[in-house]
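Colleague: Structure for this input, please:
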Amino acid sequence: MVSTSGVLPADGNSPGTALSSQSASISPLRIQNTSTPTTPLTFIEFFSGVGLVNAALSGLGWTCLFANDNDPKKNATYLANYPTANLVDYDIQLVNAVDIPKATLATASFPCVDLSQAGNRRGINGEHSGVVWSFLRRIETLVSQGRAPRYLLLENVPGLLTLHEGSSIDILLRNIAKLGYAFDLVQVDARHFVPQARNRVFIIAGRGLPTSPFSLMPDDHIHRYKVRQAYERNRNLPWHFFNFPSLPKQSPTTLADIIEPTRPDDPRWWPLEKLDYFWSHLEHDHAPRLAELLKAGEHTYLTAVRRGRRRGPREQIFNLRFDGLA
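Modeller: Coordinates of the predicted model:
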């Protein structure tokens, strides 16, 4: 059963045994309407990285009141982009909720290492991805203090939906519900907006939203496949389906539109030894295709991703994309 004395225990990378059971029963919640005529467009962001969430929201008129990340290189880039930002540069487990300002929205692009195909697949309680519980503990404290963000936005890789038969997303949704939030769950690929294949899962949660726990999930592109399966497993939770606009069919830009021209003598070009390594580790059927493009002599933009070869987990190979996407 789910504890009623509190949602999350002390800091660590697990929600605790009282909250980790997939069979835990949670009654549909009645969420008090906390809306106001003029809701300020303010947000706080955790796992802020180089500031991509800030870039997206500030362009829509939102103001960042607080940011947190403990990676020195990412923080240096963040401050280069936003020199006056209120950036706290230490581990989230050391962040005191008293120091977190009240805001309308809290975001968490928490680490994907334990959820991604390229990672160790340990799940939502892993060493890296498990820090999401530290984020939710801060939200729990803000709720108890009457300073809860009206909205939450959590983002991660599609493995969040599928890992361990979906247990990671199930546990996460149950804990968000216990904090008094209704939510929507969507999956969106960045290729609809920019020339990049980047599939991501978003949880959009809010307090004071009307909820119909047993209503039907919309039949659209962002509520598909594994998202729908997560909904079917958790239909008794407080779902609120937002009226999102349709996705653009494709990005209005191409790689050629956004990649900066580079002179042949630019020192950032790879030396011969790196080129040799790249060619020797190309996927076997990609090398001849690349050679044909070079032979044609035309200006072509391609991207490559490094992956572990299936027949040899320790061996790294490069896969090229020939569809114009990063």
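
Colleague: which parts of the strand ranked longest in the chain are buried?
Modeller: Taking DSSP state E as the criterion, the chain has its longest strand at strand 312-321. Going by neighbour count (16 or more other CB atoms under 10 Å), the buried part of strand 312-321 is 317-318, 320-321. No exception for glycine: its C-beta is placed from N, CA and C like everyone else's.

Colleague: mind listing the strands for the chain?
Modeller: With DSSP E as the criterion, the chain has strands spanning 42-46, 63-68, 87-88, 105-108, 151-156, 182-189, 199-206, 303-309, 312-321.

Colleague: got a pLDDT number for the nearest residue to Phe193 once chain neighbours are set aside?
Modeller: Closest residue to Phe193 apart from its sequence neighbours, by CB to CB, 6 or more residues apart in numbering: Ser251 at 5.8 Å. pLDDT for Ser251: 87.

Colleague: So which bits of the longest helix seen in the chain are buried?
Modeller: Ranked by residue count under DSSP state H, the longest helix found in the chain is helix 159-178. By 16+ other CB under 10 Å, the buried positions in helix 159-178 come out as 159-164, 166-178.

Colleague: Same check on stretch 184-199?
Modeller: Per 16+ other CB under 10 Å, stretch 184-199 contains these buried residues: 184-189, 191, 194-195.

Colleague: And it, end to end?
Modeller: 17 Å (CA to CA, to the nearest Å).

Colleague: what about that stretch, distance to the chain center?
Modeller: Relative to its parent chain, stretch 184-199 has a centroid offset of 11 Å by CA atoms, centre = their mean, to the nearest Å.

Colleague: so how many other residues sit close to Pro267?
Modeller: Taking other CB atoms under 10 Å as the neighbour definition, Pro267 ends up with a count of 6.

Colleague: now it: how far from Tyr277?
Modeller: Distance of Pro267 to Tyr277, given as CB to CB, to the nearest Å: 18 Å.

Colleague: ditto for Arg233
Modeller: For Arg233, the distance to Tyr277 - CB to CB - is 45 Å.

Colleague: Compare the two (neighbour count), which wins?
Modeller: Taking other CB under 10 Å, Arg233 and Tyr277 do not tie; Arg233 has more neighbours (16 against 12).

Colleague: Report the contact partners of the more buried one.
Modeller: Applying CB atoms under 8 Å, 6 or more residues apart in numbering to Arg233 gives the contacts 166, 170.

Colleague: what does Arg306 give?
Modeller: By CB under 8 Å, 6+ apart, the neighbours of Arg306 are 316-319.

Colleague: for Gln229, same thing?
Modeller: Shown in contact with Gln229 (CB under 8 Å, 6+ apart): 161, 166.

Colleague: If we use 7 Å, what do you get?
Modeller: Gln229 makes contact with Gly166, according to CB atoms under 7 Å, 6 or more residues apart in numbering.

Colleague: Kindly report the same for Arg228.
Modeller: Met217.

Colleague: 10 Å instead?
Modeller: 161, 185, 187, 217-219 (CB atoms under 10 Å, 6 or more residues apart in numbering).

Colleague: Isn't His186 up against Tyr225?
Modeller: One correction, residue 186 is Val, not His. No: if you go by CB atoms under 10 Å, Val186 and Tyr225 don't touch, sitting 11.6 Å apart.

Colleague: closest to Asn96 out of the strands of the chain?
Modeller: strand 87-88 (9.8 Å; CB to CB).

Colleague: So which elements touch that closest one?
Modeller: strand 63-68, helix 72-81 (3 or more CB pairs under 10 Å, 6 or more residues apart in numbering; DSSP states H and E).

Colleague: leaving aside the residues next to it on the chain, what's closest to Gln145?
Modeller: Spatially, and ignoring its direct neighbours in sequence, Gln145 is nearest to Ala97 (7.1 Å; CB to CB, 6+ apart).

Colleague: so where's this protein uncertain?
Modeller: Within the chain, the stretches falling below the threshold (pLDDT under 70) are 1-38, 114, 117-120, 126-127, 212-214, 308-314.

Colleague: Tell me which stretches of the stretch 151-300 of the chain form helices.
Modeller: 159-178, 226-233, 255-258, 272-280, 286-296 (DSSP state H, counting those that start in this stretch).
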